[in-house]
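Visitor: would you be able to build a 3D model of this:
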Amino acid sequence: MDLMTVIGLTGGAVTVMILGILATGGNPAQFLDLASVFITIGGTIGATMTSTPAHRLFNVWKIFSKVLFIPTQNPAETILTLVSFSEKARREGLLALEDDLDELEDKFLRKGLQLVVDGTDPALVQNILYTELENIEARHAAGRQTFEDAATFAPAFGMIGTLIGLILALFAGIEDREALVRNVATALITTYYGAIMANLFFIPVSNKLRDRNNTEMLLREVMIHGILAIQSGDNPRIVKDRLVSFLPPSVREEISEEVGEKK
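Guide: Residues are numbered from 1 along each chain as shown. Presented below is the predicted three-dimensional model:
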């Protein structure tokens, strides 16, 4: 579980929607408006459903779960695995790697090494893996698009609710002060709901999904370069140095320690 995400979402909601209101002397109950819920939340859901394919909507929880849970893949373990495969390939030959492929949980890494074991041309291996990488990134972008769309729709329906409230307030006139105040409150609360939904949930979730994608793409790049280095018969030390160069200096030190070599 990614505690920072959970704390950010829940803590932000409590701070903005409860503590912030109480600090100004207000009452959070005053910000509960059923009409605003129907207009803003209902409108956002409806527009998102209209603009999003059904199969992606059914997977929205699976997509959101990537935000809540930290990826289990460790760059250090991946590099260590690739270095060990490199050592075995130089010692026993590429065909010797086939016995260990079934133990690999990552399908992308297993597929790449299987191509190498099968004697596929290096240029073709590279082309296949990068095509797979592009498809993975495209799927991630499509899943992220649902939250990006919702982040656009929420403030828009907040403004629509504002227009509805102001129009009703004008029809009510000054004589019916109760209806006037109620409609003006609805007009402002819908904008509040739209801003909260977009900036406290949809945009942060979209940004976190983009970060998850970038992290995975970097790891896939490491895998591709490691697979190609194994196929070309590079020295395991060179393989490790090449793969570690993709990562930040602080992470390189950790990996160097896990691989068993001091910088």
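Visitor: which stretch of helix or strand covers residue 169?
Guide: Using DSSP states H and E, residue 169 maps to helix 122-172.
Visitor: elements contacting that helix?
Guide: helix 43-51, helix 54-58, helix 60-68, helix 107-117, helix 177-197, helix 203-232 (3 or more CB pairs under 8 Å, 6 or more residues apart in numbering; DSSP states H and E). The C-beta positions use only the backbone N, C-alpha and C, and glycine is treated the same way.
Visitor: list of residues touching the second one?
Guide: In other words, helix 54-58. The contact list for helix 54-58 (CB atoms under 8 Å, 6 or more residues apart in numbering) reads 48-49, 63, 142-143, 146.
Visitor: circling back: so how far is the helix holding residue 169 from its chain's centroid?
Guide: Here the centre of helix 122-172 is set off from its chain's centre by 12 Å, with CA atoms, centre = their mean, to the nearest Å.
Visitor: now do it against helix 60-68, angle only.
Guide: Computed with axes from the mean of the first three to the mean of the last three CA atoms, to 10 degrees, the direction of helix 122-172 lies at 100 degrees from that of helix 60-68.
Visitor: picking that back up, reformat the helices and strands packed on helix 122-172 as CSV; add mean pLDDT and mean neighbour count.
Guide: As requested, these are exported to CSV (pLDDT from 0 to 100; neighbours: other CB atoms under 10 Å):
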stretch, mean pLDDT, mean neighbour count
helix 43-51, 94, 16
helix 54-58, 88, 10
helix 60-68, 89, 15
helix 107-117, 92, 19
helix 177-197, 86, 18
helix 203-232, 93, 19
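Visitor: any chance of JSON lines for these, columns distance to residue 15?
Guide: Shown next, in JSON lines, are the helices and strands packed on helix 122-172 (distance: least, CB to CB, whole Å):
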{"stretch": "helix 43-51", "distance to residue 15": "22"}
{"stretch": "helix 54-58", "distance to residue 15": "30"}
{"stretch": "helix 60-68", "distance to residue 15": "19"}
{"stretch": "helix 107-117", "distance to residue 15": "40"}
{"stretch": "helix 177-197", "distance to residue 15": "11"}
{"stretch": "helix 203-232", "distance to residue 15": "14"}
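Visitor: which among these is found nearest to residue 152?
Guide: Residue 152 lies closest to helix 43-51 among the helices and strands packed on helix 122-172, at 8.8 Å (CB to CB).
Visitor: report all helices and strands that that closest one contacts.
Guide: Here helix 43-51 touches helix 122-172, going by 3+ CB pairs under 8 Å, 6+ apart.
Visitor: for residue 212, which residues are in contact?
Guide: Listed by CB under 8 Å, 6+ apart, the contact partners of residue 212 are 66-67, 71, 140.
Visitor: can you do 7 Å?
Guide: Contacts for residue 212 were tallied using CB atoms under 7 Å, 6 or more residues apart in numbering; they are 66, 71.
Visitor: how about residue 97?
Guide: Residues counted as contacts of residue 97 (CB under 7 Å, 6+ apart) are 85, 88-89, 113, 117.
Visitor: quick one, what contacts the residue nearest the centre of the chain?
Guide: Centroid-nearest residue in the chain, with CA atoms, centre = their mean: residue 209, separated by 1.2 Å. Residue 209 is in contact with 66-67, 143-144, 147, counting by CB under 7 Å, 6+ apart.
Visitor: now residue 250: which helix or strand?
Guide: Residue-wise, residue 250 maps onto helix 249-259 under DSSP H and E.
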